[in-house]
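Asks: Kindly return the folded structure for what I paste below:
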Amino acid sequence: MNHDKAKIVVYYDGACPKCVKDRQNYEKLAGKEGENVCWMDITGQEDQLREIGIDPRKALTELHVQDENQRIFSEMDAYILLMSKVPLLKPLAWLIGLPLIRPLLARIYHWQVNRRLRRSGRL
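Replies: As a prediction, this is how the structure comes out:
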């Protein structure tokens, strides 16, 4: 990549309409900052995910983001990293990271994702 600024890579479920909508909303809010985010649809990419150390099943059930230094973050850490890149979302990233809020949000998030995947027959 010949970019002045290193990009982060978001591994998202492109077969999930809500995930695609979330991506579109993020891109709208991010504006120019969104240019530093590369989106990768994980659908059918099991081998590529394994090559970089992401369990394909986990990729389906929790968000994964690779930072500029090739480190992989998942679940709430991934959301915090992604939101911290956008000035408008930085306060939300801080809020998500708070000790009492973070575990509660993680539980709600997993419940919603698992329910969605079961309903669509993908889990």
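Asks: Summarise which helices and strands whichever helix in the chain runs longest is packed against.
Replies: Secondary structure of the chain per DSSP state H: the longest helix is helix 101-119. Counting contacts by 3 or more CB pairs under 8 Å, 6 or more residues apart in numbering; DSSP states H and E, helix 101-119 packs against helix 56-61, helix 75-84, helix 90-96. C-beta coordinates here come from the backbone N, C-alpha and C atoms, glycine included.
Asks: partner residues bridging V9?
Replies: C38, Q66 (DSSP bridges).
Asks: which residues touch it?
Replies: V37, C38, W39, M40, V65, Q66 (CB atoms under 8 Å, 6 or more residues apart in numbering).
Asks: now I8
Replies: Contacts of I8 (CB under 8 Å, 6+ apart): N36, V37, C38, V65, Q66, D67, E68, L81, L82, K85.
Asks: 7 Å instead, please
Replies: Going by CB atoms under 7 Å, 6 or more residues apart in numbering, I8 touches N36, V37, V65, Q66, D67, E68, L81, K85.
Asks: Buried only: go through those residues for me.
Replies: N36, V37, V65, Q66, D67, L81, K85 (16 or more other CB atoms under 10 Å).
Asks: Distance check, the third one against R115.
Replies: By that I understand V65. 23 Å (CB to CB, to the nearest Å).
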